[in-house]
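A.B. asks: My questions are about this predicted structure, shown below with the sequence.
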Amino acid sequence: MSMHVSLRKHMTSGERQFALDIDFTSDSRRIALFGQSGAGKSLTLRAIAGLLAPDSGRIVLNGRTLFDSEAGIDIRPQERRVAYLFQDYALFPHLTVSQNIAFGLAHGWRNPGRRARHARADRWIDAFGLREIVGQYPSQISGGQKQRVALARALVAQPDVVLLDEPFSALDPPLRTRMRNELRALQSSLDVPMVVISHDPEDVEILADQVFEVRDGRILAGGYVAPARAATQPAGTEIA
């Protein structure tokens, strides 16, 4: 995967002003944006997904321009081939696991029907070991199962990259550790490019090959390879 993100966005809320000025390039298939809450990580992810319009800049994924303010290019979110996983997974409570995963493959508010079968959905249902719970609703399954359902739904759309927004922030430590390891195993088996944002150094160490630290709306000098992926690391680039 190749990704180039250069964007600027100025925001005002009451008396608070925030300037997002992000610029990074990576060829890694596992990228992390690391930093404390309010640093600008989620805003960056939303801009990549097309959910936030930058004031200026350029976003290029695998040689395909998603946004270019000078050229007047702004690809709609539905056409970017980018899957965005929200912190709470955003599963539809009125749809079963099977319907959630196949959502978007058919039209209608209950798309697809409860008994409908789709080969693309079945592929990920089996890959994630969800066959036994396909008829259950989100309120009836565990946190780990919800994450796998959300990932399966994202992958059904055949995206070029999956964006994960603080995927473990609401979990207690034991569950966080288990689900972090499970996601890492999924990364290895699926080999799907992912960008994850987190304020937790352990998330970064386990889930990323290349890390960019975000602070006050900017990327600190240079991305670096996560310690768990390399024997050596450039001086002065430890996680702060």
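C.D. replies: Received, thanks. Numbering: from 1, shown residues only.

A.B. asks: quick one: secondary structure of the residue nearest in space to the middle of the chain?
C.D. replies: Centroid-nearest residue in the chain: residue 163, 1.5 Å away (criterion: CA atoms, centre = their mean). Each residue gets one of three states, and residue 163 gets strand by DSSP: H, G, I helix; E, B strand; the rest coil.

A.B. asks: Residue 76 versus that one, what's the distance?
C.D. replies: 16 Å (CB to CB, to the nearest Å). Every residue, glycine included, has its C-beta placed from N, CA and C.

A.B. asks: helix or strand right after the longest helix anywhere in the chain?
C.D. replies: In the chain, assigned by DSSP state H, the helix with the most residues is helix 173-190. Next helix or strand after helix 173-190 toward the C-terminus (DSSP states H and E): strand 194-198.

A.B. asks: What is that following strand packed up against?
C.D. replies: strand 30-34, helix 41-49, strand 161-165, helix 201-207 (3 or more CB pairs under 8 Å, 6 or more residues apart in numbering; DSSP states H and E).

A.B. asks: For the second one, the averaged confidence score.
C.D. replies: Spelled out, that is helix 41-49. The pLDDT scores in helix 41-49 average 96.

A.B. asks: After that helix, which helix or strand is next?
C.D. replies: Helix 41-49 is succeeded, C-terminally, by strand 56-61 (DSSP H and E).

A.B. asks: partner strands of that following strand, parallel or antiparallel?
C.D. replies: Applying DSSP bridges, strand 56-61 is found paired with strand 3-13 (antiparallel), strand 64-68 (antiparallel).

A.B. asks: can you list contacts of the longest one?
C.D. replies: I take that to be strand 3-13. With CB atoms under 8 Å, 6 or more residues apart in numbering as the test, strand 3-13 has contacts from 17-27, 31, 43-44, 47-48, 52-62, 67, 161, 195.

A.B. asks: Same question for stretch 78-90.
C.D. replies: Contact with stretch 78-90 is made by 45-46, 48-51, 61, 66, 146-147, 149-151, 154-155, 157-167, 169-170, as judged by CB under 8 Å, 6+ apart.

A.B. asks: Which ChimeraX command selects the buried ones in these?
C.D. replies: Applying 16 or more other CB atoms under 10 Å to those, the buried members can be selected in ChimeraX as follows:
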select :45,46,48,49,50,61,66,146,147,149,150,151,154,155,159,160,161,162,163,164,165,166,167
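
A.B. asks: what about the nearest residue to residue 179 once chain neighbours are set aside, neighbour count?
C.D. replies: In this structure, residue 179 finds its nearest non-sequential neighbour in residue 144, 5.4 Å apart by CB to CB, 6 or more residues apart in numbering. Residue 144: 14 surrounding residues under other CB atoms under 10 Å.

A.B. asks: That's all I had, so thanks and see you.
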